[in-house]
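Participant: Quick check, what structure comes out for this input:
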Amino acid sequence: MTQLFDSVAGVLAAVGRDLGVTEWMTLTQERINRFADATDDHQWIHVDEARAAEGPFGGCVAHGYLTLSLANKFLPELVAYEGLKMGVNYGCERVRFPAPVRAGSRIRGRGEVVAAEKVKGDGVQVIIRITVEIEGGDKPACVVDTISRLYF
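Facilitator: Reported below is the predicted structural model:
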């Protein structure tokens, strides 16, 4: 269920809050191929299904940056803002890729508000950790602390 915030005070009070999880999504080979085309990263572990089957992962795997970019999909599934004048992506910290995502795997995002502080004006800077989980996996695919600036 999406967590709703409607004020700076509400965001500040949410530090430490578990935001739950998103729905599962399948990371298809087609999406991996499109990402390879968009970034000109056609390394065989991502796009050559025959060769990748014989490689270290037993099949094609998603680019780490593709997995990271899905934080942008998962964030609005975890949090929503009412009365927001403007929100901007301020950056990321502590990006890690503990486990590869095989093509065809199901993944989801888990969120947690790890920090928040007031910023100049009527704003708040919030750090939300997104952990990209792989169905049946022992380790996450990606862990990233996303930084947003929100102005109510």
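
Participant: Name the nearest residue to Pro100, ignoring sequence neighbours.
Facilitator: Of all residues not flanking Pro100 in the chain, Val61 sits nearest, at 4.1 Å (Cβ to Cβ, 6 or more residues apart in numbering). Where C-beta positions appear, they are placed from N, C-alpha and C, glycine not excepted.

Participant: can I assume Glu82 is in contact with Gly10?
Facilitator: No - applying Cβ atoms under 8 Å as the test, Glu82 and Gly10 come out as separate, 9.3 Å apart.

Participant: Okay, the closest residue to Arg51 other than its chain neighbours and Ala141: tell me how far apart.
Facilitator: Spatial nearest neighbour of Arg51, excluding adjacent residues (Cβ to Cβ, 6+ apart): Trp44 at 4.8 Å. Distance, Trp44 to Ala141, by Cβ to Cβ, to the nearest Å: 20 Å.

Participant: for the longest strand belonging to the chain, packing partners?
Facilitator: If you go by DSSP state E, the chain has its longest strand at strand 106-119. For strand 106-119, the elements it packs on are helix 8-12, strand 18-21, strand 25-26, helix 71-78, strand 123-134, judged by 3 or more Cβ pairs under 8 Å, 6 or more residues apart in numbering; DSSP states H and E.

Participant: related to what we said a few turns ago, Glu82 and Gly10: who's more crowded?
Facilitator: Gly10 (17 against 10; other Cβ atoms under 10 Å).
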